[in-house]
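S.K.: got a predicted model here, sequence first, then my questions.
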Amino acid sequence: MPRLVKSGEDPYQTLVITIISQNTADTNTERAFKSLSDKFSITPKTLATAKISDIEECIRIAGLYQAKAKAIYTASNTILTRFGGTLTPILSLSTEEARRTLMDMPGVGPKTADVVLLFSAGKPTIPVDTHVNRVSRRLGLAPTNGGYEEVRLSLQQYFEPKDYLLVHMLLIAHGRKTCKAPKPLCTKCLVNTYCPSNGSVN
Ligand code: SF4
């Protein structure tokens, strides 16, 4: 979950940042987004009419830059031609319809769609990033063998939709500071008495 993404931010900006951040450290995501923002205004119209090679050049530091530039360009074109240049019509759909519509865009997977929906539209969904995935499985809140959708739906059933953003942020913080991969700090963990994986992760 990139540090740059904040609750209530412009949904298109959140979409672009999240695409750039895939498999990329925060620092490089931030540098790539700054470089893109320095050259272009971050709007669907601007990036749909930019040269893909120029987008690539701006975000090169983020890695996988060709695929990411293509995803940003294609999503921008879709938003411009099908939705009048704004994500508003998509975000006014039901959560599941909005997810499907976002995920129809090449390069937009479930995590990217969920980040946009939760952070920029306040929709009830929990994005499953690497920390959320690991911590929720260890805590027994999600099946150990399930895929993205199984983890998301399992997790959501334990919490009120109004708390999904908080749950997402807390699981990430816990994963970064305590329930680390590969070696969690179980003896220091505040929830170790409730955790079925306490002391058993090697
Ligand atoms: S007890 Fe260990 S495995 Fe369980 S949540 Fe805490 S750090 Fe993670």
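M.R.: The structure has been received and is ready for your questions.
S.K.: can you list the residue ranges for helices in the chain?
M.R.: Under the criterion DSSP state H, helices of the chain are mapped to 11-21, 26-39, 44-48, 52-59, 65-83, 88-91, 95-103, 110-115, 121, 130-138, 148-156, 164-177.
S.K.: any idea of the angle the last one forms with helix 148-156?
M.R.: Following axes from the mean of the first three to the mean of the last three CA atoms, to 10 degrees, one obtains 110 degrees for the angle between helix 164-177 and helix 148-156.
S.K.: only alpha carbons, please: show helix 164-177 as CSV.
M.R.: This file holds the C-alpha atoms of helix 164-177, laid out as CSV (Å, rounded to 0.1, in the frame of the first residue of the first chain):
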residue,chain,number,x,y,z
TYR,A,164,-12.6,-1.4,6.7
LEU,A,165,-10.2,1.5,6.2
LEU,A,166,-9.0,1.3,9.7
VAL,A,167,-8.6,-2.5,9.6
HIS,A,168,-6.6,-2.2,6.4
MET,A,169,-4.3,0.4,7.8
LEU,A,170,-3.8,-1.5,11.1
LEU,A,171,-3.0,-4.8,9.4
ILE,A,172,-0.4,-3.1,7.3
ALA,A,173,1.1,-1.3,10.3
HIS,A,174,1.2,-4.6,12.3
GLY,A,175,2.7,-6.4,9.3
ARG,A,176,5.5,-3.8,8.9
LYS,A,177,6.4,-3.4,12.6
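S.K.: just checking, what packs against that helix?
M.R.: helix 130-138 (3 or more CB pairs under 8 Å, 6 or more residues apart in numbering; DSSP states H and E). Placement of C-beta: from N, CA and C, glycine included.
S.K.: mind listing what's buried along the helix it packs on?
M.R.: Buried positions in helix 130-138, judged by neighbour count with 16 or more other CB atoms under 10 Å: 131-138.
S.K.: got it, and stretch 22-34?
M.R.: 22, 24, 28-33.
S.K.: mind checking pLDDT for Leu170?
M.R.: Note on Leu170: pLDDT of 97.
S.K.: among the buried residues of helix 130-138, which one lies nearest to the ligand?
M.R.: The shortest approach to the ligand among those belongs to Arg138, at 4.1 Å (CB to the nearest ligand atom).
S.K.: verify the stated contact: the closest one with Cys186.
M.R.: No. The criterion here is CB atoms under 8 Å, and Arg138 misses it with Cys186 at 9.4 Å.
S.K.: next, show the common contact partners of these two.
M.R.: Common neighbours of Arg138 and Cys186, counting by CB atoms under 8 Å, 6 or more residues apart in numbering, are 195, 197, 201.
S.K.: out of these, which touch the ligand?
M.R.: When contact is defined as CB under 6 Å from any ligand atom, these meet the ligand at 195, 197, 201.
S.K.: if you rank those residues by neighbours, which is first?
M.R.: In terms of neighbours by other CB atoms under 10 Å, these top out with Cys195 at 19 neighbours.
S.K.: just the helices of the chain: most buried one?
M.R.: The highest average neighbour count among those, using mean count of other CB atoms under 10 Å, belongs to helix 11-21 at a mean of 25.
S.K.: kind regards, and thank you for your time.
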